[in-house]
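**Student:** Sequence and predicted structure, then a few things I'm wondering about:
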Amino acid sequence: MNYISSNKFSDVSVAIRTQLPLERSTITAYNILVYMLKTKTELFKTKQALISNLNEAYGMKLACGLSSYGADLILTTRIQYIRSDWIEEEDYIHKVKEITDQVLFHSVLDEASFEEAKYLYRNKLTRILDDPDGLAIYTCLTTLNTNHEISIPIQGSLDDLDQLTLQDIQNVYSAYLKADKHIFVCGCLDEEMKTYLERMDSSSKLNSTRSLLPILDYQEEIIEKNISQSSIALVYATSTDILSEDYYKMFVMNSLLGQSPTSLLFEEVREKHSLCYSISSYLIQFDGALIITLGTNKENIASLDRKYGSSSNVVRVRVDGLFPEQEDDVFIPISWLENSVSTEMEKETALAFGVYVSESGEKIRDVSGVLTIDIGCDVARFGDDRTCITFKVNEVVQIYKKYNGKNTVWTTGIFQ
């Protein structure tokens, strides 16, 4: 038994893990069993009776769930109860032990609880598959062209649900009862509960049977639905085992890639370029896989284009992830000025301004290539603004003079 003895907590937390084979043929049945384990037992004939006894045991908590590690399925039953030295009732620990034992080994599997479990399971899995993110991940893994365990959905399958019988559940329950139990405890155990758990524990190490996801050819599966959001899931084979010396490098890399609000994916794809509204990555450690998930909303982009214009600041900031080009009351965008400054003069214009340099290094002046000359004036009065007189030769604008603090009559006079 793995026991962390500690007086720091008011509760005692116990996890009873049962190691089973992860198989496509039984995964849905085990999902149903998880519901039925805590529905009724030999001693507690109804769910209400079980809940009532949990409450009488000072709010004892009980939960069952499934997880997978490589080729292994782990059925975990968790209990949490107030430590016995805080409770004055003499039979308190006996009640806790009784409830635990009933749920672990004396569940009643009948047609009524079977139908109820199927109903609850169907609703849960339907909710998962109705969620774009959940459906994308589910589809991404289950459609992999491989016999690897990663393609077996831990949630089970609605297609298998309709084929299940009560006998199927009783078969996996028998396998569960025979399988080794591995006990993990944190808190302050009294001797009675400690003895009970130690007898249950297999005393063997919880080992995982695993293999790395093979590198496959590119595969793609697209599901079209009339929904406002689109979700994308991508799976990559890392070829890195959890016991490999490269695993921690992979762990750090994934943290930098997509597991924090300042990750590379978040900053570049979402913040800088606004290509999605959410993006993250995570590792499926025992299978050697990396998953990237992201959500997009194409209709939102189209509506912003229609409302503000594709070149507007709103679209630049919210969709393209760029800085605004100018304030809303500026006539000439700063990007135009930046592009103008970085643009080289045409040869004819450079000759007209006398800045063209021949191969011999000599500056040459020739105005024969001048096509247009335009003169402009941006008129200002007082304050910080200045009147600016410019001229444009071909495509190049030059400032002639600037004035400050002159009225419009004076400005008009210098052009006469």
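**Tutor:** Yes, it's here. Numbers count the residues shown, from 1 in each chain.

**Student:** Does residue 49 belong to a helix, a strand or coil?
**Tutor:** Put simply, residue 49 is helix when judged by DSSP: H, G, I helix; E, B strand; the rest coil.

**Student:** and the residue nearest to it when sequence neighbours are not counted, how far is that from residue 101?
**Tutor:** Ranked by Cβ to Cβ, 6 or more residues apart in numbering and with sequence neighbours excluded, the top spatial neighbour of residue 49 is residue 40, at 7.6 Å. For the C-beta atoms, the positions are set from N, CA and C on the backbone; glycine is no exception. According to Cβ to Cβ, to the nearest Å, residue 40 and residue 101 sit 15 Å apart.

**Student:** give the contact list for the residue nearest to residue 380 when sequence neighbours are not counted.
**Tutor:** If the residues on either side of it in the chain are set aside, residue 380 comes closest to residue 387, at 4.7 Å by Cβ to Cβ, 6+ apart. Contact analysis of residue 387 by Cβ atoms under 8 Å, 6 or more residues apart in numbering lists 377-380, 402-404, 406, 411.

**Student:** Buried residues, whichever strand or helix holds residue 235. List them.
**Tutor:** In this assignment (DSSP states H and E), residue 235 forms part of strand 230-237. By 16 or more other Cβ atoms under 10 Å, the buried positions in strand 230-237 come out as 230-233, 235, 237.

**Student:** The residue lying closest to residue 30 once chain neighbours are set aside - how many residues pack around it?
**Tutor:** Leaving out its chain neighbours, the residue that sits closest to residue 30 by Cβ to Cβ, 6+ apart is residue 172, at 5.5 Å. Residue 172 has 22 neighbours, counted by other Cβ atoms under 10 Å.

**Student:** please renumber so the chain begins at 697
**Tutor:** All right, first residue 697 from here; so that's residue 868.

**Student:** Residue 868: what's it in contact with?
**Tutor:** 722, 725-726, 729.

**Student:** which of residue 736 and residue 797 has more neighbours?
**Tutor:** When residue 736 is set against residue 797 and neighbours are counted by other Cβ under 10 Å, the residue ahead is residue 736, at 23 against 14.

**Student:** got a list of what that one touches?
**Tutor:** 742-743, 745-746, 803-804, 806, 809.

**Student:** Please name the bridge partners of residue 1073.
**Tutor:** Note on residue 1073: beta-bridge partners residue 1085, judged by DSSP bridges.

**Student:** wait, isn't it in contact with residue 1107?
**Tutor:** Yes - under the criterion of Cβ atoms under 8 Å, residue 1073 makes contact with residue 1107 at 7.3 Å.

**Student:** quick one, longest helix in this protein?
**Tutor:** In the chain, with assignment by DSSP state H, the single longest helix is helix 807-826.

**Student:** pLDDT averaged over it - what is it?
**Tutor:** What helix 807-826 shows for mean pLDDT is 92.

**Student:** Can you list the buried residues in that helix?
**Tutor:** For helix 807-826, a neighbour-count test (16+ other Cβ under 10 Å) marks 809-810, 813-814, 817, 821 as buried.

**Student:** Summarise which helices and strands it is packed against.
**Tutor:** When contacts are defined as 3 or more Cβ pairs under 8 Å, 6 or more residues apart in numbering; DSSP states H and E, helix 807-826 packs onto helix 723-733, helix 828-838, helix 854-857, helix 862-874.

**Student:** and the spatially closest residue to residue 759 that is not a sequence neighbour, how many neighbours?
**Tutor:** Leaving out its chain neighbours, the residue that sits closest to residue 759 by Cβ to Cβ, 6+ apart is residue 774, at 4.7 Å. Residues near residue 774, counting by other Cβ under 10 Å, number 15.
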